[in-house]
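1. I need the structure of the sequence given here:
(chains A and B)
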There are 2 protein chains.
Amino acid sequence: APSETCKGPLAPAASGGPQPSGMGWGDLGVYGEPSRETPNLDRMAAEGMLFPNFYSANPLCSPSRAALLTGRLPIRNGFYTTNAHARNAYTPQEIVGGIPDSEQLLPELLKKAGYVSKIVGKWHLGHRPQFHPLKHGFDEWFGSPNCHFGPYDNKARPNIPVYRDWEMVGRYYEEFPINLKTGEANLTQIYLQEALDFIKRQARHHPFFLYWAVDATHAPVYASKPFLGTSQRGRYGDAVREIDDSIGKMLELLQDLHVADNTFVFFTSDNGAALISAPEQGGSNGPFLCGKQTTFEGGMREPALAWWPGHVAAGQVSHQLGSIMDLFTTSLALAGLTPPSDRAIDGLNLLPTLLQGRLMDRPIFYYRGDTLMAATLGQHKAHFWTWTNSWENFRQGIDFCPGQNVSGVTTHNLEDHTKLPLIFHLGRDPGERFPLSFASAEYQEALSRITSVVQQHQEALVPGQPQLNVCNWAVMNWAPPGCEKLGKCLTPPESIPKKCLWSH
Amino acid sequence: APSETCKGPLAPAASGGPQPSGMGWGDLGVYGEPSRETPNLDRMAAEGMLFPNFYSANPLCSPSRAALLTGRLPIRNGFYTTNAHARNAYTPQEIVGGIPDSEQLLPELLKKAGYVSKIVGKWHLGHRPQFHPLKHGFDEWFGSPNCHFGPYDNKARPNIPVYRDWEMVGRYYEEFPINLKTGEANLTQIYLQEALDFIKRQARHHPFFLYWAVDATHAPVYASKPFLGTSQRGRYGDAVREIDDSIGKMLELLQDLHVADNTFVFFTSDNGAALISAPEQGGSNGPFLCGKQTTFEGGMREPALAWWPGHVAAGQVSHQLGSIMDLFTTSLALAGLTPPSDRAIDGLNLLPTLLQGRLMDRPIFYYRGDTLMAATLGQHKAHFWTWTNSWENFRQGIDFCPGQNVSGVTTHNLEDHTKLPLIFHLGRDPGERFPLSFASAEYQEALSRITSVVQQHQEALVPGQPQLNVCNWAVMNWAPPGCEKLGKCLTPPESIPKKCLWSH
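-> Okay, the predicted model is just below:
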């Protein structure tokens, strides 16, 4: 990755942006969602740059977020498992691992340039004390270490805590209610208020970095009362509308405070829409194949918008292949910093694209756990392995590709194509339905280009220590810091570390 | 259908617009096509009103075009077959039928208000002398009576003629070459020039109606040299780019001539993208199910943009359920005319929507031949019959839903659900993947609303005489008017009328 930096007048006083959980490429009006219920995001796109070819680093939330904040693939930063071949893994509350101290996170590095950083919402990089976001560079936190699903009984599993900075201030389904029947929860409003307050406090004093990681589009989806029932798309759409509205309010505040031209804002998601929860609890991946959990386009292609009035020209579309890891490198460059030179960084500095419309050659790697499943270079994507989920899971009704079935591609066995990859042209065939003929000149040419890049990648790769192998019910959120003051400490069970079971 | 009219200052001096053959909902950037190669159409949308819920009247070209020009469903105007149940039919050159004299076409009616009308491109309402577009209200024609596929040998089948007004001026693959190998053809440029010339001639004298019915996105897809190889999407994308560029040039001319605020322009297509020709020769239906030939959303939902600077406010999206038949009624209203009162008209006057953003309740009927396959009312769509194509056809590789397979929905038998229709909520589930539970209150309520509208429709329906039953090789384009002058008359074979064979 290049280490081009951008100093002086360009360095914005603020950067950051929203990354809702599980929102799909096809969920924004500007990406074609037929109900077109995201006027604020659509306006953000019209006032900035839209990326149709922007990717997560993983089809699951924790590894994706770890990649965003480290600029490194999960295989490097440890957010993967070796318990089984090509298995997705994340950080449920029984996970023992988390973000290693050796990783340098974006807010940690931004500190050197005087930035104050806040995370609002889901952290998901480990919930044990050593993984706390304030130990990894953030100055403030309001949100939860894990996903909001539950409710748990506080005996077999505790409800997930909500933290303000170092200490818990309550738990989901208790102090922070989510009505599973009606879908009502005030959380996005709380998260919005946290963001607005932070922006107001920081905007005139210190440069700031805000990471707004809301969770409302992750099942169980929720929205606050004024948004419930307002979408043409059901409850999922209500959640999207509330997030869209919140982003509109944040951009408006930046303008009201006259700091918009000094603030770089980026919107993206963590993985493709979870079609397994569709239609009521899951979104849309537009014309793309399958969804979350898979390394097809529907699992990893993300909505992505850059907004920086006066710097990023309005109304642009860039076909640059982008990655959420680029936000790491780009944000550093904006602050006049360079990424650490003692490790491999996968993120690219997108400023040449954002400011001059330049296109840079780069590969996109699609990992599932420890396995490189696919790689895209230019318009061609090669699948080395294909898998949706096991026949056993599929027969139980777990379907990552509902209504879609591409013979030999959406396989229910983990199929090895490393000798003869399946190659698609994503321009002509964004839905990955028509593999190129093995005999074609186009196939041969694409294969040789991709093979060379993949070999280079694999030869240089030093995998990190896998963090998502060991689970232990004793490490769950029984007694988070601050629980004593609230009288909300629970007693953990006996410590029995065991291999986590990852089924797909 | 309401007969609201719009007189006086609103009546524009010109109306009409482009209707390319087989372009899909998902082919425009503004509808989410990832390559975003339609800057002119996207700008047209931004300057006008976009309809995400706009429908053809049939999943095939001839009936769709007959419906547009008559404001009536094909089942009424005769553009269907009774040779077999629920069969798509159109007007190949062996067809005996065509548009009946009893039908009143839009240009015929617009004459009463002094409009001069031209069709550029594919007519497709019958090629025998009595069906000639100049006998049905058009004042000028440049184009062909049938689709441009071929080439034929002029012995078993003649190549399709190209007409200027009353007489042929050559044939496809002869005077009007289409290189099937390279995809090169100059036709869209010729059609563009015809449109520009007509606009220039008419703009200052008479009010005019231009129907720009280009064919470049219908297989075999073609583009002129400057566009070939320029798209990220292959040859199909080249054709889309050339059409987009042409539309930009027409809108620009209207502005240069200072008649833009006096000209109503509408863009739509005739049916969904033909996925059977994808990816090289077929487009995208975005997130919708299946394509051309089917009554799923991919077969009949169309891109649709209205542009009338100073009258239709910029940047609007309307969720009005619209139909290409509405262009008939709306165009009449714009000219201060009312539709014929002696027959059923299915088109709605969309002016209240276009000018005041009003939403009107109305059903969308999805016919396949003589059979009402489905109906949409509000957000609910009920399927009374499901069918893609026969197992026999499917096993031969004819696939109208490549990569898609919704169990019990994309059936290869013509399945009767009239007793218990499959119902989808198109807002939550635009891809028609998750039928509502028969036991749900939502199902019961939707069914009762739709049933009542369908009963009313069917009780009042007087089917037209079917025009697409009889084929005869003697009626092909052997000796079109004007062939003598060119020395291009061919000898027809013996006249043997027989039932046309429609396989899906």
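2. now for residue A:294: which residues touch it?
-> By Cβ atoms under 8 Å, 6 or more residues apart in numbering or on different chains, the contact set of residue A:294 is A:59, A:272, A:387, A:388, A:400, A:401. Using the backbone N, CA and C atoms, a C-beta is placed for each residue, glycine as well.
3. determine which two of these are furthest apart.
-> Maximum pairwise distance among these (Cβ to Cβ): 15.2 Å, between A:272 and A:387.
4. neighbours of the residue of the stretch 1-150 of chain A found nearest chain B, how many?
-> Proximity of the stretch 1-150 of chain A to chain B (Cβ to the nearest Cβ) peaks at residue A:32, 2.0 Å away. Residue A:32 has 27 neighbours, counted by other Cβ atoms under 10 Å in any protein chain shown.
5. now do the phi/psi pair for residue A:200.
-> Phi and psi for residue A:200, reported as degrees, to the nearest 10, are phi -60, psi -40.
6. picking that back up, would you format the contacts of residue A:294 as CSV with neighbour count included?
-> Listed next are the contacts of residue A:294 as CSV, based on neighbours: other Cβ atoms under 10 Å in any protein chain shown:
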residue, neighbour count
A:59, 27
A:272, 36
A:387, 24
A:388, 28
A:400, 26
A:401, 24
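7. same for the helix or strand in which residue A:162 is found, what does it pack against?
-> Using DSSP states H and E, residue A:162 sits within strand A:161-164. The elements that strand A:161-164 packs onto, with contact taken as 3 or more Cβ pairs under 8 Å, 6 or more residues apart in numbering or on different chains; DSSP states H and E, are strand A:140-143, strand A:167-171.
8. can you rerun that using 10 Å?
-> strand A:140-143, strand A:167-171, helix A:187-203 (3 or more Cβ pairs under 10 Å, 6 or more residues apart in numbering or on different chains; DSSP states H and E).
9. chain B is nearest to which of the ones you listed?
-> helix A:187-203 (19.9 Å).
10. following the closest one in sequence, what is the next regular element?
-> Using DSSP H and E, the helix or strand that follows helix A:187-203 in sequence is strand A:208-213.
11. residues of the longest helix belonging to chain A that come out buried?
-> The longest helix of chain A (DSSP state H) is helix A:234-256. For helix A:234-256, burial by neighbour count (16 or more other Cβ atoms under 10 Å in any protein chain shown) applies to A:234-248, A:250-251, A:253-254.
12. cool, and stretch A:198-213?
-> A:198, A:199, A:202, A:203, A:207, A:208, A:209, A:210, A:211, A:212, A:213.
13. and the contacts of residue A:294, which is closest to chain B?
-> Nearest to chain B among the contacts of residue A:294, with distances taken as Cβ to the nearest Cβ, is residue A:401, at 9.4 Å.
14. quick check on the residue nearest to residue A:53 when sequence neighbours are not counted: phi, psi?
-> Closest residue to residue A:53 apart from its sequence neighbours, by Cβ to Cβ, 6 or more residues apart in numbering or on different chains: residue A:321 at 5.2 Å. The phi and psi values for residue A:321, taken as degrees, to the nearest 10, are phi -70, psi 120.
15. and if you look at the one 5 residues further on?
-> Taking degrees, to the nearest 10, you get phi -70, psi -20 for the backbone angles of residue A:326.
16. quick check: the residue of chain A most remote from its centre vs chain B, distance?
-> When each C-alpha in chain A is compared with the mean C-alpha position (Cα atoms, centre = their mean), residue A:439 comes out farthest, at 37.3 Å. Distance from residue A:439 to chain B, counting by Cβ to the nearest Cβ, to the nearest Å: 16 Å.
17. burial-wise, tell me which of the helices and strands packed on strand A:161-164 comes out on top.
-> Among the helices and strands packed on strand A:161-164, ranked by average contacts under mean count of other Cβ atoms under 10 Å in any protein chain shown, first place goes to strand A:140-143 (a mean of 22).
18. what's the offset of that strand from the middle of its chain?
-> Centroid separation for strand A:140-143 versus its chain: 18 Å, with Cα atoms, centre = their mean, to the nearest Å.
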